[in-house]
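Engineer: quick one: sequence plus predicted model below, questions after.
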Amino acid sequence: MPALLLIAHGSRDPRHAATVAALVEEVRAQRPGVEVATAYLDHCAPRIPQVVERLADAVAVPLLLNRAFHAKHDIPAALRAAGSRLPVADVLGPSPLLLAALDRRLAEADPDLSSPAVRARTGVVLAAAGSSDPAADAATRAVAAEWRRTRGWAAVEVAYASAAGPRVPDALAALRAAGAERTAVSPYLLAPGLLPDRIATAAAGADVLADVLGPAPELAALLLRRYDGARRAAPVTTALTA
């Protein structure tokens with residue numbers, strides 16, 4: 001059985017690496033028979049070359065929500081530079097498991113949001129990092145639309161913590177203008193850091209602020225799903241090193 005090599009972006013904020021470590025423990029708990037290793041693109045250790053040299057057989061799984069620059073360029077380039085031809089799994093989004101994780105974090109922040117009646121009166125801001133890649137931002141908007149359609153929110157607006165707007169206060173204003181009685185902000189981000197802190201500050205006017213996705217069991221299950229898909233495809237596909 002190949003190892004699961006989780007490739008995270010990395011951050012100067014120590015909470016990022018601590019969250020990745022907690023997520024790895026959740027993955028191990030769900031699949032005890034699989035070796036799980038972690039490598040970072042930037043800021044944190046170990047880096048990709050340090051890890052791949054000791055893995056005889058592995059599948060690289062990006063800890064990324066969208067297929068933007070890091071997935072398209074940075075990870076393949078880092079693996080090439082390390083002389084690696086590991087198969088690379090798809091990014092995490094979109095997936096119903098991500099919607100379930102978002103629901104979990106909002107219900108933890110306010111248990112009333114588990115009620116369909118309360119959700120029907122609540123507008124949610126899906127607060128993402130934002131990207132210079134239009135396809136990545138389009139994917140985030142599609143997640144927001146699917147979240148509203150399948151979970152019964154009054155409305156879901158997208159906001160970005162970086163890149164172009166709209167910002168969280170703009171999205172909250174749009175929700176209120178659309179008639180939402182209550183508002184919530186849900187970070188569409190994997191770990192604490194600068195951008196989640198920026199979102200939390202901007203969400204001061206909301207009724208509820210959820211935590212980042214973090215080591216949610218749904219996220220661990222999704223990582224394993226991506227690993228399984230790439231592992232099954234490995235004999236007939238080429239790793240992203242060509």
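Structural biologist: That came in fine, so what should we check first?
Engineer: would you mark the buried spots in stretch 12-32?
Structural biologist: 13, 16-17, 19-20, 23-24, 26-27, 31 (16 or more other C-beta atoms under 10 Å). Heads up, the C-betas are built off the backbone N, CA and C, glycines and all.
Engineer: what of stretch 91-108?
Structural biologist: Those would be 91-95, 97-107, for stretch 91-108 by 16+ other C-beta under 10 Å.
Engineer: got the CA coordinates for stretch 122-137 in PDB?
Structural biologist: Extracted in PDB, the C-alpha atoms of stretch 122-137 (Å, rounded to 0.1, in the frame of the first residue of the first chain):
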ATOM      1  CA  THR A 122     -29.900  32.700   7.900                       C
ATOM      2  CA  GLY A 123     -27.700  34.000   5.200                       C
ATOM      3  CA  VAL A 124     -24.100  32.800   5.100                       C
ATOM      4  CA  VAL A 125     -20.900  34.400   3.800                       C
ATOM      5  CA  LEU A 126     -18.500  31.800   2.400                       C
ATOM      6  CA  ALA A 127     -15.300  33.600   3.000                       C
ATOM      7  CA  ALA A 128     -12.500  32.200   0.900                       C
ATOM      8  CA  ALA A 129      -8.900  33.300   0.300                       C
ATOM      9  CA  GLY A 130      -9.500  34.400  -3.300                       C
ATOM     10  CA  SER A 131      -7.300  33.700  -6.300                       C
ATOM     11  CA  SER A 132      -5.900  35.400  -9.300                       C
ATOM     12  CA  ASP A 133      -7.100  32.300 -11.300                       C
ATOM     13  CA  PRO A 134     -10.700  33.000 -12.500                       C
ATOM     14  CA  ALA A 135     -11.500  29.300 -12.600                       C
ATOM     15  CA  ALA A 136     -10.600  28.900  -8.900                       C
ATOM     16  CA  ASP A 137     -12.900  31.700  -7.900                       C
END
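Engineer: what about that stretch, average pLDDT?
Structural biologist: The pLDDT scores in stretch 122-137 average 92.
Engineer: stretch 201-221 too?
Structural biologist: For stretch 201-221, mean pLDDT is 97.
Engineer: who's in contact with Ala71?
Structural biologist: By C-beta atoms under 8 Å, 6 or more residues apart in numbering, Ala71 lies in contact with 62, 64, 91.
Engineer: same thing with Ala68?
Structural biologist: Per C-beta under 8 Å, 6+ apart, neighbours of Ala68: 131-133, 135-136.
Engineer: wait, which of these is closest to Thr150?
Structural biologist: Among these, Ala136 lies closest to Thr150 (C-beta to C-beta), at 21.3 Å.
Engineer: and the helix or strand containing Pro196, what does it pack onto?
Structural biologist: Element membership for Pro196 (DSSP states H and E) is helix 194-202. With contacts taken as 3 or more C-beta pairs under 8 Å, 6 or more residues apart in numbering; DSSP states H and E, helix 194-202 sits against helix 168-177, strand 182-187.
Engineer: packing partners for the helix or strand bottoming out on mean pLDDT in the chain?
Structural biologist: Using mean pLDDT, DSSP states H and E, the weakest-scoring helix or strand in the chain turns out to be helix 69, at a mean of 77. Here helix 69 touches no other helix or strand, going by 3+ C-beta pairs under 8 Å, 6+ apart.
Engineer: what about the residue nearest the centre of the chain, which SS state?
Structural biologist: Central residue check for the chain by C-alpha atoms, centre = their mean: the C-alpha nearest the mean position is that of Leu65, 3.9 Å away. Put simply, Leu65 is coil when judged by DSSP: H, G, I helix; E, B strand; the rest coil.
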